[in-house]
Each structure stands twice: as structure tokens, then as C-alpha cells.
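A.B. asks: have a look; sequence and predicted model below, questions after that.
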Amino acid sequence: MNLTLKIWRQAGPRHRGELKTYKVKDISPDMSFLEMLDVLNEQLNARGEEPIAFDSDCREGICGMCGLMISGEAHGPEKTTTCQLHMRSFTDGEVITIEPWRANAFPVIKDLVVDRGAFDRIIQAGGYVSVNTGAAPDAHATPVPKPNADRAFVAAECIGCGACVAACPNASAMLFMGAKVTHLSELPQGQPERAARVVSMVEQHDEEGFGGCTNVGACSQACPKGIPQDVISTLNKDLRAALRG
Amino acid sequence: MTDTTTAPVNAGIAHGLYTEGEPIADTKAPAGPIAGKWTQRQFDAALVNPANRRKLDVIIVGTGLAGGSAAATLGEAGYNVKVFCFQDSPRRAHSIAAQGGINAAKNYKEDGDSVYRLFYDTVKGGDYRSRETNVYRLAEVSANIIDQCVAQGVPFAREYGGLLDNRSFGGVQVSRTFYARGQTGQQLLIGAYQALERQVAAGTVEQFTRHEMLEVVVVDGRARGIIVRDLVTGEIETHLADAVVLGSGGYGNVFFLSTNAMGSNVTATWRAHRKGAYMANPCYTQIHPTCIPVSGEHQSKLTLMSESLRNDGRIWVPKNREDCDKDPRQIPEEDRDYYLERIYPSFGNLVPRDIASRQAKNVCDEGRGVGPLVGDFRRGVYLDFADAISRMGKAAVEAKYGNLFDMYARITGENPYEVPMRIYPAVHYVMGGLWVDYDLQSSIRGLFVIGEANFSDHGANRLGASALMQGLADGYFVLPNTIRDYLAKGPFDKLSADHPDVVAARESVESRTARLLEVNGERSVDSFHRELGNIMWEYCGMERSEEGLLKAIDLIRGLREEFWRNVRVLGAADTLNQSLEKAGRVADFLELGELMCIDALHRRESCGGHFRAESQTEDGEALRHDDEFLYVAAWEFGGGEALGEMRQPVLHKEDLVYEAIELKQRSYK
């Protein structure tokens, strides 16, 4: 396959960025999208141009490190992470635009790399159960009804990649946050801090500069793990209950 | 066989590749019966007054299951912790990719499991090359891990009654594996990550993401800090402390292609090795049989599929080479070789990982591999579910393996319900790592090593679902209890960043970084890495021979020399520069690779996952030599000041003593 790539290049957080055009030839349809970028970077290196910076780590779709806007879609045309997207999803001769996640709360560090530290700070605000090591009762002391355990699991599948934010017209992180709130709210272990958690996380979310949720649903559509939109309903329900006292 | 006086001089010594030093006499395990040792050690280890803990600084490198859980736990205890990771968040550490599960001796199934049985299975699985005292402790604390994780809200699989489900895993006969679908590592890591973030919020832990450790600071024989590079600004920073903990993971990426994450590296542990920490059993590598094969020269990493697939899939290759490029569905039953079922009729497709891996490589080397030609070979064998689908029905297969089949289809573009899957072995985990004593302290005082980064509890081969167990055992329960004995002697003298040893460490990092950018040669970092990986896979992989290893050592030395003369790293030092990051890691892999080959060469026996061509039974099975090699090989860095220079390493042997378990040769025929 031969492709034309328009790739966002930006030297640093305070530099102006621009889309630059690159041509790649003889791309195998069995390559992953990131391997295609590896090939391009090897070519750039060979001709003395600095390679394009992009994040990736596990390349198995689970660490959440990779994430690109590919022709306007978070993680591209398939419902998966960028690292699990393969070139067979594109056609010979296609023009592909590649940009970093677009959100004020995710400032660009360089080229396609953004700073998602805001997600860590939202978790710090309450996305945990306060139990010190050694203070746990026997694991079977508290049975969890299977429907609750299953829903908690579905919500806990979030990989924190940020595609939901990138896809949202408001750059809201409600799906990310709703997933954590739902994961812990469904479990007995999450009950004691349930009210305080949601209030504190939402405050941090707003402070980070994420937008509000207007129930567009693009987040859930873009989510490579298929986190359902109803986690946001759970979050809103918990928030209402907490604020009422 | 017990007469060692007539044993020939080891080839490694004969070729001047290493020298032998003093044996390691004491691993600091308490005396007494094995079941009481850990209780005794916890009692003997000095306590630190809670009011003094905040005056003690601890640095932790790595935020996977081991580093993340240790940082959270030491933070909760009130120590002043700094934690570092090269990723953009602690939650990305590669523990997250573990699929299968975590073992614990809970005996919830009442099927005869116990601490002793888990201990026994782990030592046997490691082919009697692990340290008895540490493994027993691992089994002992395993149950606490599950309690802790459940209390954190880790969503383990449950039964309809609401209690935790277990499964049998990796060929053991009891159901002791806890799991969270195929994402156990992710869920456990997120649990540790959340506990860690809670401590960051509480102010006990300071978190440094996108920071890479490039040197350890050793002053008066004690680890007192680290030198790191801020990967965003490029700034070289000095961080000083009373103790340093490495939880930086394994070095499987020395093979270039592995199931490790792209960033997984040896730099933290290798830098410590160069500063005096012994590297133990570096050649012990685990090769996993069920990975998705390489599709071409562009391949950047390999993806593992849970070996639970071998429970129902049948492995075969064509009997005749000329059938290898045919549609497998057109190859009749009588022209198929179900080679594992043929060679190992009692275990069949469920033989241990190393046997399944080695036999797959053998049939491919014979020219009977399938899939695309990569280089001169087809590197793949079929894993066929046609029988399972006709026996159980497609729906049942889908319910059991659906997510794995989807993953396979996404990566290969083939439908495994219709066409047999192709699999090939890949490097997955390393049992080798920095040598530690019973307290998990390395041969440098104040430098502790946890998780995959240490030489661990897995001997020459690791059982499935035991890596997660060890990472969390070390981080939550073992290290926090042993490090206090060391910290109770502190706080140590306040160090200034101007101390000559600190300055020297920092300057060495700065000059090395500058040098990588100055070479400006012809070859990319990846091309060196790929070539090193090919050498390692060919000569220091599943099957090793003296001739091959000697050749590999020569090749690696040549490649390392070329690297420092001909690598091309573009960009600057004072910005995010991923080529520069990779270059530093590959430079260290080029040194590690040589030590791995020396270790493999000296160990003239087949054990665990490692087949040594010169050490096999008459019918071609692995032959262990307990008379000669019943020890941990702990290597001391031999010195070398110039970039890439390595003089002869010094071998220190730690004899393995089995008091609670009887030594046996394994047999799967």
C-alpha cells in the first residue's frame, strides 16, 4: 500500500504546530498502525530528519499509553486502540490525517504526545478505596452479588487512554470518571466513601479544564474498551445523592 | 556423576570469559524450620518509630505490581517516598498486560491446596533452581494478597453465590488461580495504582512520571540515590535518599521481539549491576509457546495469547514440507503431525511451556513451519480448534475463548473459527535478575530489588499465574517488613548534591547522553536492537550450545563496538527525544546480552526452560546436572570504564540447599 500521511508536528508545548505531509510506500496490510509509523520514523532517521514523537508501550491494547486522532476519529476507524489498529483497515492511496488528542486539559508535549496527568489527579481526588496494606478481612468475608460484580468489572475495564475526552465535542472526561465511580459504587468495598468520592472527583475534573457532559455519546462510541454510557448516569445519580446529603 | 574432580574446566573459564570469586555463604534467612522463618524474620527485623518514618526517604523505581504496591505500602506506613516511572502514568506499567491470573494458597475449593503445596509446585516448576526459603515465604503470603486486592475493589471473577471463582492453571492439579477475565494484571495493577494515588494525595508519596533512572548513587558502599532524566525537559536530576528500591521489571526486550512493552528495559538494573549489584542467573528466560507469529520484518513486538488455549486446541504441522503453504483445511488428517500428542502421549498439548516451545521451534527448523516466510523460515505451527468446535459447539468455544479469538482475528486478519490459528513461541518473562538475599537486598547495601527485576523465586522456569503473585508479595508484604530493618539504622548522614560520588554519577549520565547524540553515524538504534535480538534468539534462546554461545559473544562484542561508533540518534538532549531514550536502553542491552551468553555458556546443563544441546538424555530430553549446577550464578561486574567496555565478570556461587523438598528429575513422557 502507498499512503499519504498528514501528521501534526509540534516541537514543544509552547511552539506552534502544523500538519506536515509524508509519503510512505510498500506498507503491508498486516502492519499495525504504529508499525507503519515506525517504518516512517526509520526513513526519517535515515534522511536526517527528527523522527515523529508518539506514545505507545504495551502494543497489546491494554496499557492505554497510545492514542491518536486518525482522520478525525479517536484511535481511528475500528473500535480498538491505535496499537491494535492494522493497515488492512485502510485503502491503497488513502490520505490519512494524524493528530494528537485534542483537549485543553491534555496539553501537547511534542508532536503527537500529550500530557494526561489530569487523569492521575482525578484518581488522586478519590478514585480508590481507603484500605491500608494488611488491614483487609478475608476475601470471602464479603460476597458480592454477581450482577454487581459483573457491572463493576465492565466499568473497571477502562484503560485511561483519553479517547473519550478526545472524541467529546466538549472535551469532557465524564466517561473516564463515570467508569471509576461505577466500578467502586457497585462494590460493597466502595460504599463508605461513595458520596465523598464522587464530589471530590467531579471538582477535580472541572478544575482540570475538562468540559461538561451534554450526553452526546461520542465518548462511549470511541472507547476501545466499550465502556457503556450509562456509567455517566451512575455518576450523576451518585452526585445528586451526595449533594443532597 | 558425583565425582566432580574429573569434571573438565568450564568452557567459559577456558575461554577467559569469566573468573570465579568467593561463594555466597549466607542469604540471611533465619535459622529454624521453614514454616517459621518468615514469622521469625518479621519479629527480628528492627522497628522504626512512626514519628521517625517521615524523616526517612525511600526511592522506588518502577510502578508495576511490585513498585506500585511497595510505594503505596511504604507511603501508608509514613515513610517519605519518591516513586519514578518512564511512562506517563504509573498505571501503564507492563504488569498491566498479564492475562491469566494470580495464584494463592487459599484452598477455597477444598481440593487439597496448602501453603506447602504451592511452595512445592513452585520449586518443582522452577526445576529446583530457586531458593527454598524465599519460595516458601511467597506461598505463605499469597493468601493475604487476595484479601488485600478484594478490599481495594479489584473485581475478581465471582460465582453466582457472590464468592470468588478459581481455576486450575498451567498444568497444576488444584484450582488456586484467581482471575479477572483475561485482564487480571490490569485489574491488580489498577488496584495498586489507586492505592498509590491515594498516598500521592495524602502527601506521603511524590510521583515522577516520564522520568527514567539512568544511574544509582553509591556512597561508602550504600545506595543513596539515583540520577534520572526528565524525559520531557531532558533535565538530568539528582534524587537522594536513605534507601533505593528497584521494581523496574524484566529485560526480555534484549531479544528485540518479545511480549514485553516497547519501553521495558534493563537500564535501571544494569546500571545498578555496573555499580556492584550482582546479576543472578541472567540466562534464565521464559519462552511462551502461544504467541501470535511474526508477520514480517516490520514486526515491533509480539502478542501473547493465554496458554489456556492449549486446553482445547490441538497443535500440529504438516508431515510433509511441501504441504506447508497449503490451506490447512485441505490437508487431510493422515498428513498432519500432531507432534506433541505423538511425542508426549500422556500430557499431549498440555506439556509445560518450555517443551511446547522447543518442539515448535524444532518442527519449524525442520522446514515444517507454517504461515508467511520470514527470512528463510516459516515460523508458526497450527493450533486447531476444529475438533473442539465439533465437540463443544461454536458457542461454547466462543464463550470460553471469544476474547482471544477476537484478538487473534484483529491482529492477523484471519478467522480462527474457520482457519486454524497459527502460534509461535516468544520471550515472555525473565527469571534472572539482580541477586537479592532473603530481605530482598542486593549486594549493594540499601539497594533492594523486587518483582521481576530480582532473580526471583521462580528458579529456572516460572509457573503460570505466579508472576503477579510474586510482584505483589514483594511489594505489599515482604519488602515493607524487611526494609525497615535497614531503615531503622538511618537516617544516614545527610548527603549533599556536591558530594564527589554524587557529582561523578551525575556527570557520567551527562557525558553518556551527550556521547549518544554525538556519534551521528549511519545506523538507527532499532537496527542495532533488531540485530542483537536475532543473535540472542538464535543462540541464547530455547536451545543453546557451546559453539553457538561462543559465536554469539563474538557477534555481540562486534555489534556493541559498532554501536558506539556508528549509531545515529537525532534531535537534542533538552527535549522529549524518544530515539535518545531507546539508544540508552539498547546500549545497556548490548552489555547484558553478553553476560547472558556467558551465563548460558557456563551452565552446561539443561534445566527449566533451557535446553543445552550438550546435556540431554538418550531420547533427546533435558538433562539436569545437580552434581555440578545446583547453585545460583551471581555475577559481579568485572569493571570497564570506557563506554561499552566490559572486563571479565566474576562468578559467585550461592549453593541451593533443599531441606524441605526432595530433588527430583522431571518427566512428562
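C.D. replies: Here it is on my side, so go on.

A.B. asks: where does the residue nearest to B:R544 when sequence neighbours are not counted sit, in terms of helix or strand?
C.D. replies: Closest residue to B:R544 apart from its sequence neighbours, by Cβ to Cβ, 6 or more residues apart in numbering or on different chains: B:A600 at 5.0 Å. Where C-beta positions appear, they are placed from N, C-alpha and C, glycine not excepted. Taking DSSP states H and E as the criterion, B:A600 maps to helix B:578-602.

A.B. asks: can you read off the pLDDT for the residue nearest to B:R544?
C.D. replies: We note a pLDDT of 98 for B:A600 in this prediction.

A.B. asks: does the residue of the stretch 101-250 of chain B found nearest chain A belong to a helix, a strand or coil?
C.D. replies: Distance from chain A to each residue of the stretch 101-250 of chain B (Cβ to the nearest Cβ) is smallest for B:G162, at 3.0 Å. The three-state assignment at B:G162 reads coil, by DSSP: H, G, I helix; E, B strand; the rest coil.

A.B. asks: could I get the contacting residues of it?
C.D. replies: By Cβ atoms under 8 Å, 6 or more residues apart in numbering or on different chains, the residues touching B:G162 are A:143-146, A:149.

A.B. asks: quick one, what contacts the nearest residue to B:L630 once chain neighbours are set aside?
C.D. replies: Nearest non-adjacent residue to B:L630, counting by Cβ to Cβ, 6+ apart: B:L656, 5.1 Å away. B:L656 sits next to B:128-132, B:630-632 when contact means Cβ under 8 Å, 6+ apart.

A.B. asks: give me the pLDDT value at B:L656.
C.D. replies: We have a pLDDT of 97 for B:L656.

A.B. asks: same check on B:T2?
C.D. replies: At B:T2, pLDDT is 44.

A.B. asks: helices along chain A, start to end?
C.D. replies: A:33-46, A:117-124, A:146-156, A:163-167, A:174-185, A:194-207, A:218-222, A:230-244 (DSSP state H).

A.B. asks: same list (the ones you listed) but as TSV, adding distance to chain B.
C.D. replies: Shown next, in TSV, are the helices of chain A (distance: least, Cβ to the nearest Cβ, whole Å):
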stretch	distance to chain B
helix A:33-46	5
helix A:117-124	4
helix A:146-156	4
helix A:163-167	14
helix A:174-185	5
helix A:194-207	9
helix A:218-222	17
helix A:230-244	14
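
A.B. asks: need these in JSON lines (columns: distance to B:A426, mean pLDDT and mean neighbour count).
C.D. replies: Converted to JSON lines, these look like this (distance: least, Cβ to Cβ, whole Å; pLDDT from 0 to 100; neighbours: other Cβ atoms under 10 Å in any protein chain shown):
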{"stretch": "helix A:33-46", "distance to B:A426": "16", "mean pLDDT": "97", "mean neighbour count": "20"}
{"stretch": "helix A:117-124", "distance to B:A426": "31", "mean pLDDT": "98", "mean neighbour count": "22"}
{"stretch": "helix A:146-156", "distance to B:A426": "28", "mean pLDDT": "97", "mean neighbour count": "19"}
{"stretch": "helix A:163-167", "distance to B:A426": "28", "mean pLDDT": "98", "mean neighbour count": "28"}
{"stretch": "helix A:174-185", "distance to B:A426": "31", "mean pLDDT": "98", "mean neighbour count": "28"}
{"stretch": "helix A:194-207", "distance to B:A426": "39", "mean pLDDT": "98", "mean neighbour count": "19"}
{"stretch": "helix A:218-222", "distance to B:A426": "31", "mean pLDDT": "98", "mean neighbour count": "21"}
{"stretch": "helix A:230-244", "distance to B:A426": "35", "mean pLDDT": "97", "mean neighbour count": "16"}
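
A.B. asks: and those helices as TSV, adding distance to B:L532?
C.D. replies: Shown next, in TSV, are the helices of chain A (distance: least, Cβ to Cβ, whole Å):
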stretch	distance to B:L532
helix A:33-46	16
helix A:117-124	34
helix A:146-156	38
helix A:163-167	35
helix A:174-185	39
helix A:194-207	44
helix A:218-222	38
helix A:230-244	45
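
A.B. asks: out of those helices, which gets nearest to B:R336?
C.D. replies: helix A:33-46 (32.4 Å; Cβ to Cβ).

A.B. asks: list the buried residues of the host helix or strand of B:T122.
C.D. replies: Taking DSSP H and E as the definition, B:T122 sits inside helix B:115-125. Residues of helix B:115-125 classed as buried: B:115-125 (neighbour count, 16 or more other Cβ atoms under 10 Å in any protein chain shown).
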